[in-house]
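Q: The sequence isn't on hand, but the structure is:
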């Protein structure tokens, strides 16, 4: 355990300067695609919003995304113009079907919600998703329904496993889900879409399209269209077309482009029609540890096929969708002052939280976390997270540490596998400020105050995170080394994380707590 060398500290400072950051002031703002001149630029949201699906209800658009093991699950965003978005809510409040979602007897990393689909029919919103068939666990399909997008939502778990589902309401009243990987199936549901009516039927299998998945179905001018992704991260978007829902289907690649992030192609997403008849597509692109990032692409119909982008390429800058009005710039929230009785919608817990171990009311204006037992951050249950962003993002938290007890450690991290954090641990006699990288304590120094500002700084260019602290909120000092962000948890982006856990496993349950005054981006 040691301080950074003089040269190492200056190297970190140089990285800060290259990133356009100021150690003395927080000037970071969230990414926005709106150029303010009637055009937008991609990506749409420069963070982890994977497996997008989208609908329009009246003059509003709703976007649903995958969230894996994070709780609440299936985040839903809302927009008036497809460019400016804010959070609307979540379709899943928590997962009750397995104690491992509570980090009891194991964990559910990479499980939870995959490949959500969203539709609106007869006054109800529907969000369906699959829980993967992996690691010896049987996969499931779930359907969530609500009258209002904000909820409350009711979840129905099916005995059937429908992988990467696309919900479709036909104009004859029948309800279907298209699902599968390379070998695609249609399963008819009952009219309320809450149970299976007829067993699945295979409709497509083409080895030329490996891993064909993420299917969503549409009906345009009497023809059935299925749009899905093939080839995984490096993939392309494929469209299948038929006069009958059960086929036979012909196929066409509607975009194959990786020019904005070489090696990783645009693939998987959803299509929506504007009130003026135009069509648009939101499609994702893997951008390494930052996550699977959505792009907005115009759709041009050519010989009855929906071709994405322009000239076979995704657009970089393009006129905004013609929705008839101009709307103010809006981005999903990040900062939270913890002044409300509920958490901001930007937050998701790592696994189901223990609701007895956190509070926004015990000390109004603060998020209070109580310590649970854990050997490390990966096992800490009540860890509160939100997305990091490109091209650069920083998060700062102000902590009151006066409630820490023997063995407690509280702080701010960048979470994935590997992860790193800056925090304060208490050994019963003194507090230590530590920087931990991949469970190795890089630096440990005395913490001279019960109040401390902690900062994490993330760069998309080289996928690094740097940490700093301050005792006055103005002058920050870099500590430890850099985290080289990775993807040890497949398909799951790095996240900012607020945490408190107790590592003294052989002692009684800790009564310690940490108060987070705010988290700001």
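A: Nice, thanks for sending it over. Just so we're clear, the structure is a prediction, and the values are computed from it rather than from any experiment.

Q: can you pull out the strands in the stretch 51-200 of the chain?
A: 53-57, 60-64, 70-71, 73-79, 85-92, 114-121, 124-131, 140-146, 154-158, 166-169, 175-181, 183-189, 196-205 (DSSP state E, counting those that start in this stretch).

Q: so what secondary structure elements neighbour the third one?
A: Pointing back at strand 70-71 there. strand 348-350 (3 or more CB pairs under 8 Å, 6 or more residues apart in numbering; DSSP states H and E). Glycine gets a C-beta too; all of them are placed from N, C-alpha and C.

Q: ok, residues contacting the very next helix or strand once past the strand it packs on?
A: Helices and strands here follow DSSP states H and E; after strand 348-350, the next one along the chain is strand 358-359. With CB atoms under 8 Å, 6 or more residues apart in numbering as the test, strand 358-359 has contacts from 367, 368, 369, 370, 382, 384.

Q: Which other helices and strands does the helix or strand just after strand 358-359 contact?
A: Of the helices and strands lying after strand 358-359 in sequence (DSSP H and E), the nearest is strand 367-370. Here strand 367-370 touches strand 358-359, strand 495-502, strand 513-520, going by 3+ CB pairs under 8 Å, 6+ apart.

Q: Tell me which of the ones you listed sits most buried.
A: Stretch with highest mean neighbour count among those: strand 495-502 (a mean of 26; mean count of other CB atoms under 10 Å).

Q: For it, which strands pair with it and how are they oriented?
A: If you go by DSSP bridges, strand 495-502 pairs up with strand 372-373 (parallel), strand 384-387 (antiparallel), strand 408-415 (antiparallel).

Q: Tell me which of those sits most buried.
A: Using mean count of other CB under 10 Å, strand 408-415 ranks as the most buried of those, with a mean of 27.

Q: re the thing from before, want to try a markdown table for the strands paired with strand 495-502, with mean pLDDT and distance to residue 438 as columns?
A: Output for the strands paired with strand 495-502, formatted as a markdown table (pLDDT from 0 to 100; distance: least, CB to CB, whole Å):
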| stretch | mean pLDDT | distance to residue 438 |
| --- | --- | --- |
| strand 372-373 | 96 | 21 |
| strand 384-387 | 98 | 18 |
| strand 408-415 | 98 | 11 |
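
Q: now those strands in JSON lines, with distance to residue 314?
A: JSON lines is the format used below for the strands paired with strand 495-502 (distance: least, CB to CB, whole Å):
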{"stretch": "strand 372-373", "distance to residue 314": "44"}
{"stretch": "strand 384-387", "distance to residue 314": "22"}
{"stretch": "strand 408-415", "distance to residue 314": "29"}
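
Q: Mind putting the helices and strands packed on strand 367-370 into CSV with mean pLDDT and distance to residue 130?
A: What follows is those, written out as CSV (pLDDT from 0 to 100; distance: least, CB to CB, whole Å):
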stretch, mean pLDDT, distance to residue 130
strand 358-359, 98, 29
strand 495-502, 98, 22
strand 513-520, 98, 32
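
Q: of all those, which lies closest to residue 31?
A: The closest of the helices and strands packed on strand 367-370 to residue 31 is strand 495-502. By CB to CB, the value is 14.8 Å.

Q: For that closest one, what is the distance to the chain centroid?
A: Its chain's average C-alpha position is 17 Å from that of strand 495-502, according to CA atoms, centre = their mean, to the nearest Å.

Q: got it, and stretch 264-276?
A: Here the centre of stretch 264-276 is set off from its chain's centre by 18 Å, with CA atoms, centre = their mean.

Q: mind starting the numbering at 57 from now?
A: Shifting the count to begin at 57 puts that one at stretch 320-332.

Q: mind checking the SS state of whatever residue is furthest in space from the centre of the chain?
A: In the chain, residue 485 marks the outermost C-alpha relative to the chain mean, sitting 39.5 Å out by CA atoms, centre = their mean. Three-state call for residue 485 (DSSP: H, G, I helix; E, B strand; the rest coil): coil.

Q: distance of it from residue 416?
A: 31 Å (CB to CB, to the nearest Å).

Q: for residue 312, same thing?
A: 47 Å.

Q: likewise residue 338?
A: Distance, residue 338 to residue 416, using CB to CB: 33 Å.

Q: Over to residue 340?
A: For residue 340, the distance to residue 416 - CB to CB - is 33 Å.

Q: Kindly report the same for residue 111.
A: 32 Å.

Q: Ok, residue 143 next?
A: 18 Å.

Q: How about residue 311?
A: Remark: distance between residue 311 and residue 416 (CB to CB) = 44 Å.

Q: who's more crowded, those two?
A: Shown here are residue 311 and residue 416; by other CB atoms under 10 Å, residue 311 has more neighbours (22 against 17).

Q: surely that one meets residue 325?
A: No: taking CB atoms under 8 Å as the definition, residue 311 is not a contact partner of residue 325, at 10.1 Å.

Q: Could I get the contacting residues of the closest residue to residue 335 other than its chain neighbours?
A: Nearest non-adjacent residue to residue 335, counting by CB to CB, 6 or more residues apart in numbering: residue 355, 3.7 Å away. Contact analysis of residue 355 by CB under 8 Å, 6+ apart lists 327, 334, 335, 336, 337, 362, 363, 364.

Q: Closest one to residue 347 out of those residues, please.
A: Looking across the contacts of residue 355 and measuring by CB to CB, the closest to residue 347 is residue 337, at 19.1 Å.

Q: mind listing what the helix or strand the closest one falls within pairs with, with the direction of each?
A: Residue 337 is part of strand 335-342, with elements assigned from DSSP H and E. Paired strands of strand 335-342, with direction, are strand 323-329 (antiparallel), strand 348-358 (antiparallel) (DSSP bridges).

Q: can you redo the ones you listed as JSON lines with distance to residue 99 and mean pLDDT?
A: Compiled in JSON lines, the strands paired with strand 335-342 are given as follows (distance: least, CB to CB, whole Å; pLDDT from 0 to 100):
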{"stretch": "strand 323-329", "distance to residue 99": "12", "mean pLDDT": "98"}
{"stretch": "strand 348-358", "distance to residue 99": "4", "mean pLDDT": "98"}
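
Q: Good, we can wrap up now.
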